[in-house]
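Colleague: got a structure for you, letters missing:
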C-alpha cells in the first residue's frame, strides 16, 4: 500500500499516543499500519506540514541526553534512586548491558533477555535505548524508550529524557502531559514483556507506573528530574488502542490496488486518501503530518469537527455548520432535541442582544 521499494516508516510511541487520542480516524490507522511516510504524502498532496521538531531542538536534545547518560549513566541512576527508590542501595557499579542485535526483532529479543538477566541478578541495571514491541490494531510497532532502569527489587522504571526545561521544579504542563502519554505507551509494552517472562517461569517483574521525567534545570545544562504518575494515561491509552479497528478490516474495505506512494499523481493520491474516512480535530495539528490536508477537507465539507471535539459532542446529530445554522434559525431539526433547543435559544438571545434600542423582539422560548 505504501508503494513498491518504499521502506516502511516505523511507528514510535509519540505516534501511538496520538493514534490512541483519536481512535476514530481510520485514515491515520491504515497509513500508520502500512508504514506510510505521512510527511512525504502530505507534501505530495500539496499540504506540507510543519509537524515535528526542528533540527536545532533535536541536536540540543541529543546533547543533553548524552550528558545525562555519561559515565555509565551515573547521573541518571542517581536521579532514579533519589526520586523513586531512596530506600534501596545506592546504584554504584550498575550494569549496562549491550543491547545491539540485528534488526528490530533481534533487538526486541535481546532487550527481553537483558531484562530477565537483570531481574535474576538483582542490583541496578540501566538499559540504554532498549527495543520493545507492541501490537497495535494487528500491526506490530517497535518502540525505543530513552532508557529503562531495573531496580534491585526487580521492578522496572521507564525514563523519559526531554530538552524542555524545568523552571523552579515545574515544567510546561502541556509538554509534561505529552511526555506522560508517550511514557504510558512504553509502560504498556513493558507489561507485555513482563507477562511473557512470567509465562516462561522467570523471576517476577513489576513495571512501575511512576516514570522518571528528566529535563534541564532552569536555564542550565544540568539535569533535574520529577516522578510522573502515568496510571491514568496508561489506562486511557490501553482502552483507546483496544478500540482501534484492525488494519486488515480497514484494508479489506478499500478498492483493489490502493496505493499511497508519494510518487503517484496528485489526483490519484487524493482519491486514495479520501477513500479512507478521517476524523479531524484541531488537536491533529500538533500530532499528525496530514493535519493541514484534513483541515482543508473538513472546512470544504463544513464539518463541525474542525471546531473541536467538545463542540462536536454537544451538537449530537448535527454534523455540518450548515445544519447547525439551519437548526438555530428554526428551518430544520427536532425542537425536542436538546441540542436544537439550545441553539434556538442562543439564536434568540443573540437577536435580542443585537436588536436596535426601542425595537420589540420576541421573547426567548
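Modeller: Arrived safely. Owing to the predicted nature of the structure, the values given are computational and were not obtained by experimental measurement.

Colleague: so what pLDDT did residue 298 get?
Modeller: Model confidence at residue 298, given as pLDDT, is 90.

Colleague: Which residues are in contact with it?
Modeller: Residue 298 makes contact with 280, 305, 306 under the criterion C-beta atoms under 8 Å, 6 or more residues apart in numbering. Heads up, the C-betas are built off the backbone N, CA and C, glycines and all.

Colleague: what about it, helix or strand, and which?
Modeller: When elements are defined using DSSP states H and E, residue 298 is found to belong to helix 291-301.

Colleague: Residue 8: how many residues sit nearby?
Modeller: Applying other C-beta atoms under 10 Å, we find 12 other residues in the vicinity of residue 8.

Colleague: Just say helix, strand or coil for the nearest residue to it once chain neighbours are set aside.
Modeller: Of all residues not flanking residue 8 in the chain, residue 35 sits nearest, at 2.8 Å (C-beta to C-beta, 6 or more residues apart in numbering). Here residue 35 is recorded as coil under DSSP: H, G, I helix; E, B strand; the rest coil.

Colleague: Report the separation between the spatially closest residue to residue 12 that is not a sequence neighbour and residue 210.
Modeller: Taking C-beta to C-beta, 6+ apart, and ignoring the residues beside it in sequence, residue 12 has residue 143 as its nearest neighbour in space, at 6.4 Å. In this view, residue 143 and residue 210 are 19 Å apart by C-beta to C-beta, to the nearest Å.

Colleague: Would you agree residue 145 is in contact with residue 129?
Modeller: Yes. At 7.4 Å, residue 145 and residue 129 qualify as touching, with contact defined as C-beta atoms under 8 Å.

Colleague: okay, the two: which has more neighbours?
Modeller: Neighbours per residue (other C-beta under 10 Å) separate residue 145 from residue 129, with residue 145 holding more: 26 against 14.

Colleague: In a markdown table, list the contacts of residue 298 along with distance to residue 119.
Modeller: Compiled in a markdown table, these are given as follows (distance: C-beta to C-beta, whole Å):
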| residue | distance to residue 119 |
| --- | --- |
| 280 | 45 |
| 305 | 46 |
| 306 | 49 |
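
Colleague: Any idea how many residues pack against the nearest residue to residue 316 once chain neighbours are set aside?
Modeller: Take residue 316 and drop its neighbours on the chain: the residue closest to it by C-beta to C-beta, 6+ apart is residue 339, 4.5 Å away. By other C-beta under 10 Å, 17 other residues sit near residue 339.

Colleague: name the element the closest residue to residue 17 other than its chain neighbours belongs to?
Modeller: Using C-beta to C-beta, 6+ apart and skipping the chain neighbours, the partner closest in space to residue 17 is residue 181 (4.1 Å). Under the criterion of DSSP H and E, residue 181 resides in helix 173-199.

Colleague: ok, which stretches of the stretch 51-200 of the chain are strands?
Modeller: In chain order, the stretch 51-200 of the chain shows strands spanning 125-128, 132-136, 139-143, 147-150, 155-161, with DSSP state E, counting those that start in this stretch as the criterion.

Colleague: of all the ones you listed, which lies closest to residue 319?
Modeller: For those, the distance to residue 319 is smallest for strand 132-136, at 28.2 Å, taking C-beta to C-beta.

Colleague: Now do the closest one, average pLDDT.
Modeller: The model assigns strand 132-136 a mean pLDDT of 88.

Colleague: So what touches it?
Modeller: Strand 132-136 is contacted from outside by 11, 16, 19, 32-33, 104-105, 108, 111, 140-145, 185-186, 188-190, 192-193, 241, 244, using C-beta under 8 Å, 6+ apart.
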